[in-house]
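Q: Sequence and predicted structure below; questions after.
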Amino acid sequence: MNSWFKFLMGVSFLIIVAIGLSACSDKDNDNNNGAASDGGSQEISVRINNDPDFLDPHMAEASITYQVILNIFDGLLVGDTDGSLKPALAEEYDISEDGLTYTFDIREGVTFHNGDPLTVEDIQYSFERLMGTHTGEPLSSNFENIDALETPDENTFVIKLKEPNSAFLTYLTALNSAILPKSNDGKHNENPIGTGPFQYENYSPENNMVVVKNENYWKEGLPYLDKVTFVFQPDDQTALLSLQSGQIDLVAVGAHRVPEVEDQFNLTYQDSNSVLLVGFNHDREPFNDIRVRQAINYAVNKDDIIEATFSGYATKIGSNMSPAMADVYKEGLEDAYARDVAKAKDLLAEAGYPNGFQTTLSISSHAGMYTNVAQVIVENLKDIGIDVEIEVVEWGVWLERIYQGRDYDMTVIDFTGELSPYETIKRYISGAGNNFFNFENAEFDELMQDVIVEQDADRQNELYGRAQEILSEEAAAVYLADYQIIWALNPELEGYKTYPYFFHDLEEVRYTE
Amino acid sequence: MAYFIRRFILLLVTLVLVSLITFAVFQVIPGDPIRIMLGPEADEARVQALEKELGLDRPLHEQYFSWVQGVVTGDMGQSIRFSRPVAELITDRLPVTLSLAVLSVIIVVLIAIPLGIFVARRQNSFSDLMFSSLTQVGMAIPSFWLGMLLMLYLGMTFSFFSVTGYVPWSESITGALGSLILPALTIAIPQIAVSFRYIRNTILEQLQLDYVRTLRSKGILERAVMYKHVLRNAMIPILTVFGLIFAEVVAGTIIVEQVFGLPGFGSLLVTSISYRDFPLVQGIIMYITIVVVLINFIIDMLYAVLDPRIRLG
C-alpha cells in the first residue's frame, strides 16, 4: 500500500511541475502571436457555432456551413457586400433578349487547389452534378428549368433555360452552384477542392477545420492570411471567454454582452438579412380569421421584443423582407400595426372573441432567442385577453411536427438571408411545399408568377413591393425584426467585410502594420 | 473458465438488448436526421437524394439488420451528421474522454482517500465538521456552474489553462493537461464529496473492529495499523464505490465536455442524439456499454487480489 501511495504522490508532483513549466512556455507563445504583424505567420482563429453539415457545397444547406466554405469555393458570380451580383469565375455575362440564353465568358488562368486549370468542362460537370443529369438524382431543384448546357469554345459557357426566370442569376453564386473540379468526382465531401482564396487542409468533427492560403488565387496578392482555423464552439459563453483570452480572433457576441467587449475589441454590426416572425397556422381556428391575425399584430410590441431580445440591435420590419435587400425592400410597412391595444380588442370582439381565447406558442429549444421573444408575446397577448401557453420542443421535433407536419397554432422562427427576393418569399405561394403558414392569396400567387418572367428590374421591384404589402395587409404573420449579428474582432486585424448572407470573407483580412 | 464464458455471454446479451432499445427509441421519438441537418430551407431534391443514399427509405427491420450485419463484420457504419465512419469518429474521441475520465478518477483518489483517512482519525473534531459540511456543498453544486466558475476564476487568470478545445497529448503534454485539468476538477469535485464521506465512514467502522484493538495491544505503530491493515480491509467497499464513481465520471463527461468545448465522447453523444444520427448513437452506446461491463469485471478481479477469501472461494 505504501509504494502505491508514493506512486500517487509522485504523479501529483509531476503534474505540479508541469504546470509550473508551462506557465513559462505559454508566455513565449503569446509573444509569438503578437509578432505576427511584423512578417511572422499570419494566422487567425474564427469561432463557428456549429459543425458544417457537408463540406461538399452541392450538398450543404446550413448557412453556418457557407460561412466557412465560401472561402474555399467560387461560383460563376458572387454576391457583393450590398447584395448585388458581381462577376467571379465568369468575367462577363450576357442574357439574350428573350431571357432564355445566358452566355458566360470564363476567366482565364484560374486553377483549382489541386493545380488543375479551371475548364468549361468542370463548369459543365458542376451543373450536371446539381441537375442529376448522369445520376438521375438532382441535388438541387433550382436548375430544373435548365434546357441545355453548351460549351461552344474553351472560354465560353452557355446555359439555356426552358422558361425565362428573373431569379436565375442569383442561383449562380457559390451558395447554390459552386464550381468543382471534375477530377475530384466522388470525393467532394471528404476532400473538397475549389478555386477560392483558401484551400481545405483538415476537418476534425466538433473540433475545428483548417484552411490554408491558396498561393495561386486568381485575385493577385490575396489572401493575406496564411492559415485560418475555424473552431466549432456551440457555447456562447465559452466562445466569449476564448475571445477575451486571445485564443480566438473573431466571434459573434450576443447583443447584451456588447458592453463587456466594446472597449477591447473592434465591433462590426452586420445586418443579417434575417426575418424573425411569429407564424400562425392559417388553417386553424381562430387564425383563419384575418381580424384575429390583425388583432395579434396590433397587440405585439415589436420595440419591446427588440429591446428584450437584441438589446436594441435589430431593425423593425413589417413584412417578410429585410431592409438589407436594398431596392427590393418596401419601406413604411414596419409600423403598419403600431401597438394599439384598444383596436386589437375591437378586432377580436368583431371576430367573435370578446374575451380572447387560449392558444399554444410552439418554439424550438435550440436558440435562446425564441424563448425571449415568446415571453414578450405572452405578456403582450395577455393584454387583449389571449391566453398563450409556451411549448418548447427540440429542433428535430419542430422541423418534423411544426414545419413539415404543420401541427401547431403559433410559432416563432427566423429565416436567414437569401440573395434572391424570390427565394425569400416564395414560401407564401399557395400550396408551396414549405408554406407552413398555410397562407393562401390569389393576388400574391399571381404576382409571383409575373415577377419570375419579368425582365425589367424596376418593374420587378414594384411587384416584389406589392407582394410585401399583401403579406402585411393580410397579417400573414407578425413580422418582428431583422436582427444584427455583432462580430467582435481582434483589434490587430483589419479588412473584415460583412455581407447580406452568412459569409466570413477572410480574403482581405490581415494584421495591421 | 466457465466464469469467463458466462461473463462474455452476458456481455453479448446486454449489447443486443441495448442496441434494440436504442433502435426502438429512435423510431418513437420524432425528428428526421436529414432535415435536422439541412434545416428548414432544405432543398427537397437534396433531401430525397440523401435519403436514398443513406438507405433511410428502407423498411425499419431492414435498416436494423443491415446495421447488425455491418457490426458483425466489423463495420459500424457511416455517421449521418459527419459523413464519416463511426469507428473513426469514436477512436478520434476516445483519447479525450478517456484522459478526462482517468484524470478525474486520479484527482478523486488523490484527494478523497488521504482526506478520508485524515478526517477519520479526527472524528468529531473541527476539521471533521468542516469537511463534512463542505461535502454537502460539493455534492449540491451543479457541474455546469462549477465548470463556469473554474473557467472564469482559474481559466482566465492563468494562461496555463486553456478554456477552449483540446490539445492532444502528442502535441504538448502541458497543453493537454492545461485543457483537461479544469474539466477534470469539475467532474471530480462532486465525486470527491461523495467518496470522501464514504471512505471516512468505512475507515471508522474498521477502526472499531477487534483486530485493530489486537494490533494496537501488540504495540504496532499507529501508522502501520492504519496503512497496512485498516486501509487494506477498507479497500473492498471503497473499490465498489470507485466502480460506481467511474460510471458517474463517464456520465459527468457528457455535460462537462459541452461546457469546456472538449471534443470527446459526451459531446459527440449529445450531438448525435439531437441530430438523430442513428449509426453514431448506436456505436457510442455500444462502446459505453462495453466499457462499463469491463470496468465491473476488472473490479471483480481486484476483489480477489485484495481479499484472499474471495480468491480461494
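A: Received it, and whenever you're ready, just let me know what you need.

Q: Would you map the helices across chain B?
A: Listed in chain order, the helices found in chain B under DSSP state H are B:2-28, B:33-38, B:44-54, B:60-72, B:86-120, B:126-140, B:143-150, B:173-207, B:210-217, B:222-224, B:231-260, B:265-274, B:278-306, B:308-312.

Q: who does the third one touch, helix- and strand-wise?
A: For helix B:44-54, the elements it packs on are helix B:33-38, judged by 3 or more CB pairs under 8 Å, 6 or more residues apart in numbering or on different chains; DSSP states H and E. Where you see a C-beta, it was placed from the backbone N, CA and C, and this is true even at glycine.

Q: Low-confidence ranges, chain A, go.
A: Along chain A, the model assigns pLDDT under 70 to residues A:1-40.

Q: Which residues are in contact with B:Ser83?
A: A:54, A:189-190 (CB atoms under 8 Å, 6 or more residues apart in numbering or on different chains).

Q: residues making contact with whichever helix or strand A:Ile159 is part of?
A: Using DSSP states H and E, A:Ile159 maps to strand A:156-161. Identification of contacts with strand A:156-161 by CB under 8 Å, 6+ apart yields A:76, A:90, A:99-106, A:120, A:123-124, A:127, A:145-152, A:168.

Q: hmm, try it at 10 Å
A: Strand A:156-161 is contacted from outside by A:76, A:89-90, A:93-96, A:98-106, A:119-124, A:127, A:143, A:145-152, A:168, A:172, A:179, using CB atoms under 10 Å, 6 or more residues apart in numbering or on different chains.

Q: from the residues you listed, which would you call buried?
A: When the contacts of strand A:156-161 are checked for burial by 16 or more other CB atoms under 10 Å in any protein chain shown, the buried set is A:76, A:89-90, A:93, A:95, A:99-104, A:106, A:119-120, A:122-124, A:127, A:143, A:145-146, A:149, A:168, A:172, A:179.

Q: Excluding chain neighbours, what is closest to the residue in chain A positioned nearest to chain B?
A: Residue nearest to chain B within chain A (CB to the nearest CB): A:Gly396, separated by 2.7 Å. Leaving aside its sequence neighbours, A:Gly396 sits nearest to B:Gly31 (CB to CB, 6 or more residues apart in numbering or on different chains; 2.7 Å).

Q: got the residue ranges for the helices in chain A?
A: A:2-34, A:63-69, A:120-131, A:174-177, A:236-244, A:258-261, A:290-299, A:302-310, A:341-350, A:368-382, A:395-397, A:421-425, A:442-453, A:457-473.

Q: Run through the neighbouring helices and strands of the fourth one.
A: It refers to helix A:174-177. Under the contact definition 3 or more CB pairs under 10 Å, 6 or more residues apart in numbering or on different chains; DSSP states H and E, helix A:174-177 sits against helix A:63-69, strand A:77-79, helix A:120-131.

Q: repeat that with 8 Å
A: By 3+ CB pairs under 8 Å, 6+ apart, helix A:174-177 packs against helix A:120-131.

Q: Does chain B have contacts with the helix it packs on?
A: No - for helix A:120-131, no contact with chain B is found by CB under 8 Å from any CB of the partner chain; the gap never falls below 8.9 Å.

Q: same for that helix, what does it pack against?
A: Using 3+ CB pairs under 8 Å, 6+ apart: helix A:120-131 touches strand A:146-153, strand A:156-161, helix A:174-177.

Q: ok, now which ones touch A:Gln358?
A: If you count contacts by CB under 8 Å, 6+ apart, A:Gln358 has them with A:386-389.

Q: out of those, which are buried?
A: A:386, A:388.

Q: Rebuild the contacts of A:Gln358 as CSV, extending it with distance to chain B.
A: Converted to CSV, those look like this (distance: CB to the nearest CB, whole Å):
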residue, distance to chain B
A:Ile386, 26
A:Asp387, 26
A:Val388, 22
A:Glu389, 20
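
Q: Now the contacts of A:Gln358 in CSV, please, with extra columns for distance to A:Ala442.
A: Shown next, in CSV, are the contacts of A:Gln358 (distance: CB to CB, whole Å):
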residue, distance to A:Ala442
A:Ile386, 29
A:Asp387, 34
A:Val388, 31
A:Glu389, 34
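
Q: From B:Phe161, how far off is the residue of the stretch 151-300 of chain B found nearest chain A?
A: Closest to chain A within the stretch 151-300 of chain B is B:Thr174: 3.3 Å, counting by CB to the nearest CB. Separation of B:Thr174 from B:Phe161 (CB to CB, to the nearest Å) stands at 11 Å.

Q: Which one's more surrounded, these two?
A: More crowded of B:Thr174 and B:Phe161, by other CB atoms under 10 Å in any protein chain shown: B:Phe161, with 24 against 20.

Q: Spit out the contact partners of A:Glu43.
A: So A:Glu43 contacts A:36, A:225-229 (CB under 8 Å, 6+ apart).

Q: Now do the same contact list for A:Pro181.
A: A:112, A:114, A:116, A:118, A:122, A:193.

Q: got it, and A:Ser319?
A: Applying CB under 8 Å, 6+ apart, we find A:Ser319 in contact with A:330, A:333, A:468-469, A:471-472, A:479.

Q: do the same with B:Ser272
A: Applying CB under 8 Å, 6+ apart, the residues near B:Ser272 are B:79, B:81, B:280-281, B:284.
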